[in-house]
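Asks: This is a predicted model, with the sequence first.
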Amino acid sequence: MSDYEDAPRPRLRIRRIALAIALTATLTLLCCGGTVSAFFLGGLGGVDDNTMTLSAYGCGEGGPVSADGNLPAIGPYGKVQVRNAAVIINVGSTMGVPPRGWVVAVATAMQESRLSNLGFLGDRNDHDSLGLFQQRPSMGWGTPEQLQDPAYASTKFYEKLVTVAGWEDMSLTAAAQAVQRSAYPDAYAKHEPIATQIVNLLANGAARAIGSGTDLRCAAAGEVAASGWTIPVKAMVGSGFRTPERPDHDGVDLIVAKGAPIWAASSGIVTVAACDNDASGRSCNVDGYPGKLGCGWFVEVQHAGNLMTRYCHMVERPSAKVGDVVNAGQVIGRVGSSGNSSGPHLHFEVHVNNDRSPSGAVNPVSFMKDQGASLDGGQ
């Protein structure tokens, strides 16, 4: 069994890459059961007490809540806006669009209208754009009256989305842009974490599911959930996050054979692909040992919502390179034992708030469970 010991963080000169994917609310990541977790409450902030009646921990089996009910305000979105989100989700469900489409649609409406059914805004209007998705009558989306019907506008969005080849495997930004053709295509991604949380709240945890219509199930190991997340390797969890024995262990060790593929846990941009403190890579081209410095060959990926994942101890120089745009499930390297390691495994970390230091690390097990990519089931 391998036993990664944390070492001083590598002092690397990282090329900063501009990402228009900042989250508008700070994520608080805690593990709990029941209905709505502290993850959702902390992530959205200011959630109405009635939200506690919404179920967020299934996998969509119960179906979406009715848009005609007395829905609560959620985070920065008032009751009318939440009702519009519920309409978007219910239309997608009725049309048989997989929950990933619901997340894409809700995030798109967040960017286009803040989930508000906008009419003509005069000088502030973008051409003749109207409604939740700012669709334009002059571009054939429908009449002004139709586009201000949330159900109609949602239907038109989904009808276009499902014609986009491979949309389910795209990043949220790419899928939304394929429909909207926005002048600001990178703006959609920043809404993905909140849209995921709202879909979970309004549809019984459907952002952790795959399937469509009433045939939904929890994503299995290696599948990409509607949240856009998947496990980084099929493995068993070894050493845990900041245990009493290892309080400085900022990730989890996933025990798997040398050479096994490592997958990007979600879409994003590679910001680091390096060997600890050795530009030549020579010190990482051999197996490490306990007490040796750091991660060995490792990769960091920046995701929507100021989230970062780190993948350590690769067997060779990563296949992913700095600046690469990767999709969830894309191979970025292979498992090894370089750096501070006593056997083959993947040391996996999740960081929030664009903070790659130990202060930004959160428990990957609880975080990934909330995304529908449980590390516990990754064998």
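Replies: Received the coordinates, thanks.

Asks: okay, and for the chain, where does confidence drop off?
Replies: 1-53, 55-56, 120-127, 183-185, 377-379 (pLDDT under 70).

Asks: now the helices: where do they sit in this protein?
Replies: Using DSSP state H, the helices found in the chain span residues 38-44, 79-94, 99-113, 144-147, 150-161, 172-180, 192-202, 364-370.

Asks: Of all those, which one is nearest I210?
Replies: I210 lies closest to helix 99-113 among the helices of the chain, at 7.7 Å (CB to CB). Where C-beta positions appear, they are placed from N, C-alpha and C, glycine not excepted.

Asks: OK, contacts around the closest residue to G372 other than its chain neighbours?
Replies: Excluding the flanking residues, the one nearest G372 by CB to CB, 6 or more residues apart in numbering is R208, at 2.7 Å. Contact analysis of R208 by CB atoms under 8 Å, 6 or more residues apart in numbering lists C59, G60, N200, C218, A219, A225, A226, S227, D370, Q371, G372.

Asks: What of C59?
Replies: Here C59 is in contact with N204, G205, A206, R208, A209, L216, R217, C218, A219, G372 (CB under 8 Å, 6+ apart).

Asks: could those be laid out in TSV, adding distance to D355?
Replies: Output for the contacts of C59, formatted as TSV (distance: CB to CB, whole Å):
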residue	distance to D355
N204	32
G205	28
A206	30
R208	25
A209	30
L216	34
R217	35
C218	30
A219	28
G372	24
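
Asks: picking up where we left off before, put together TSV for the contacts of R208, with distance to P261 on each row.
Replies: Converted to TSV, these look like this (distance: CB to CB, whole Å):
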residue	distance to P261
C59	26
G60	28
N200	29
C218	23
A219	18
A225	19
A226	23
S227	21
D370	24
Q371	20
G372	20
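
Asks: So which of the residues you listed belong to strands?
Replies: C218 (DSSP state E).

Asks: Buried members of the contacts of R208 into ChimeraX, please.
Replies: Remark: buried members of these, expressed as a ChimeraX selection using 16 or more other CB atoms under 10 Å:
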select :59,60,200,218,219,225,226,227,370,371,372
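
Asks: re earlier: and the contacts of C59, which is closest to M139?
Replies: For these, the residue nearest M139 by CB to CB is A206; the value is 30.5 Å.

Asks: which one is that closest one nearest to, not counting chain neighbours?
Replies: The shortest distance from A206 to any non-neighbouring residue, by CB to CB, 6+ apart, is to G60 (3.2 Å).

Asks: tell me the domain ranges of the protein?
Replies: Domains of the chain are assigned by automatic domain parsing as 60-218, 236-377.

Asks: Understood, closing this out.
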